[in-house]
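>>> After the sequence you'll find the predicted model.
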Amino acid sequence: MLVKIIIVIFLMAIVYSLGSALYYLLHERNTSDSTRVIKALTWRISLSLLLFVLLFIAYALGLIKPHGV
């Protein structure tokens, strides 16, 4: 159950990071020195990769099991 909560927290953080990047993209007028969009998207990619690794580790340890739909 703890692994599932951690996965949901990661997903919420990824969505938050994506939303903040969109906000910075729409509201910053000076694009010559704007790095907040890049930082937010970098965080999103890092969190996504970390979640991907976490899913592989949890599957390998048997903490999560796939199910057929």
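That came in fine, so what should we check first?

>>> going forward, measure contacts and count neighbours with C-alpha atoms only.
Will do.

>>> What lies in contact with the helix or strand hosting Tyr59?
Per DSSP states H and E, Tyr59 falls inside helix 36-60. Helix 36-60 has contacts (C-alpha atoms under 8 Å, 6 or more residues apart in numbering) with 3, 7, 10, 13-15, 17-18, 20-22, 24-25, 64-65.

>>> Show me the shaky parts of this protein.
Applying pLDDT under 70 to the chain flags the ranges 31-33.

>>> same thing but at 90, please
Counting by pLDDT under 90, the ranges of the chain that qualify are 1, 24-38, 65-69.

>>> what residue lies at the spatial centre of the chain?
When C-alpha atoms, centre = their mean is applied to the chain, the residue found nearest the centroid is Ile14 (2.7 Å).

>>> distance of the closest residue to that residue other than its chain neighbours from Ala21?
Counting by C-alpha to C-alpha, 6 or more residues apart in numbering, Ile14 lies nearest to Arg44, which is 5.2 Å off, once chain neighbours are set aside. Arg44 sits 9 Å away from Ala21, going by C-alpha to C-alpha, to the nearest Å.

>>> Trp43 - how many residues pack around it?
The tally of other residues near Trp43 (other C-alpha atoms under 10 Å) stands at 17.

>>> Ok, Ile9 next?
Using other C-alpha under 10 Å, Ile9 has 13 other residues around it.

>>> Is Gly62 within a helix or a strand, and which one?
Going by DSSP H and E, Gly62 is not part of any helix or strand.

>>> Just give me how far whatever helix or strand the residue nearest to the centre of the chain lives in sits from the chain centre.
For Ile14, the element it lies in under DSSP H and E is helix 2-27. Centroid separation between helix 2-27 and its chain, computed with C-alpha atoms, centre = their mean, to the nearest Å, is 5 Å.
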